[in-house]
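>>> Predicted coordinates and the sequence they were generated for:
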Amino acid sequence: METYTPTDRTQVKRLPKRGVYDQAQVHAILDEGFICHVGFVADGQPYVIPTGYARSGGRLYIHGSAASRMLRALGQGAPLCVTVTLVDGLVLARSAFHHSMNYRSVVVLGQARVVDDPEEKTAALARFTDHIVPGRWDEVRQPTEQELKSTTVLALDLDEVSAKVRTGGPIDDEEDYALPVWAGVVPLRIEAGDPVPDTRLPEGIPAIDRKRLASRHT
């Protein structure tokens, strides 16, 4: 089993039993999520920006407009923190104090680099597209040269990484178990609905199969 070596910055200190450093579990959380939050400081002001991402092997990619302040700052070597969180359930206890959530989260620290190599950049954009719907890149028009120029792609190696996971039901104080209050877990999940066609879609084009979106979680 391959694991990430915890550092002083990634070692889970509060509730350490929830800390996870197994690479396979970390990758599974990243692959299931859609949005990451990128934290950085620019001109003395901290920012946390939600954005899309994709994983390829031991590396995360983020992308956006070449005019993006975030991408410019990170491309110049600003330290960053990337987080991804999946909420699996609401944990309802008998006391307000012990209410919680079941979740899986990942924290990545480091410095990103600008992807200049055309092949790596194109491969990263393909990963972004297929991260949303597997196989989608091969179905759609590829980016033009101008579109590639107007897009910045950053790569962040998964070196300093940890995950934190909570599972199970509520943990109440012993004297509270006799209270006549419902307690347990309300599971939560993302589920694709029926596809809604674009208003300018020509007739005869079949709707996308929702099973393809479910396959990204297997």
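The structure has been received and is ready for your questions.
>>> Kindly export the longest helix anywhere in the chain (C-alpha atoms) in CSV.
Secondary structure assigned by DSSP state H gives helix 118-132 as the longest helix of the chain. The C-alpha atoms that make up helix 118-132 are tabulated as CSV, following Å, rounded to 0.1, in the frame of the first residue of the first chain:
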residue,chain,number,x,y,z
PRO,A,118,1.7,21.7,-25.8
GLU,A,119,1.3,18.0,-25.4
GLU,A,120,0.9,18.1,-21.6
LYS,A,121,-1.4,21.1,-21.9
THR,A,122,-3.7,19.3,-24.3
ALA,A,123,-3.6,16.1,-22.3
ALA,A,124,-4.5,18.2,-19.2
LEU,A,125,-7.5,19.8,-21.0
ALA,A,126,-8.6,16.3,-22.0
ARG,A,127,-8.5,15.2,-18.4
PHE,A,128,-10.6,18.2,-17.4
THR,A,129,-13.3,17.3,-19.9
ASP,A,130,-13.3,13.6,-19.2
HIS,A,131,-13.3,14.3,-15.4
ILE,A,132,-16.8,15.7,-16.0
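>>> Would you tell me what the next helix or strand after it is?
helix 145-149 (DSSP states H and E).
>>> From the contact counts, what lies against that next one?
helix 118-132 (3 or more CB pairs under 8 Å, 6 or more residues apart in numbering; DSSP states H and E). In short, each C-beta sits where N, CA and C put it, glycine included.
>>> Strands along this structure, start to end?
19-20, 35-42, 45-52, 54-56, 59-65, 80-92, 100-110, 113-114, 151-157, 160-166, 184-187 (DSSP state E).
>>> mind listing what the nearest residue to residue 159 once chain neighbours are set aside touches?
Counting by CB to CB, 6 or more residues apart in numbering, residue 110 is the residue found nearest to residue 159 once chain neighbours are left out, at 6.0 Å. With contacts defined as CB atoms under 8 Å, 6 or more residues apart in numbering, residue 110 is in contact with 79, 80, 156, 157, 159, 160.
>>> roughly how far apart are the first one and residue 109?
Same thing as residue 79. Using CB to CB, to the nearest Å, residue 79 is found at 7 Å from residue 109.
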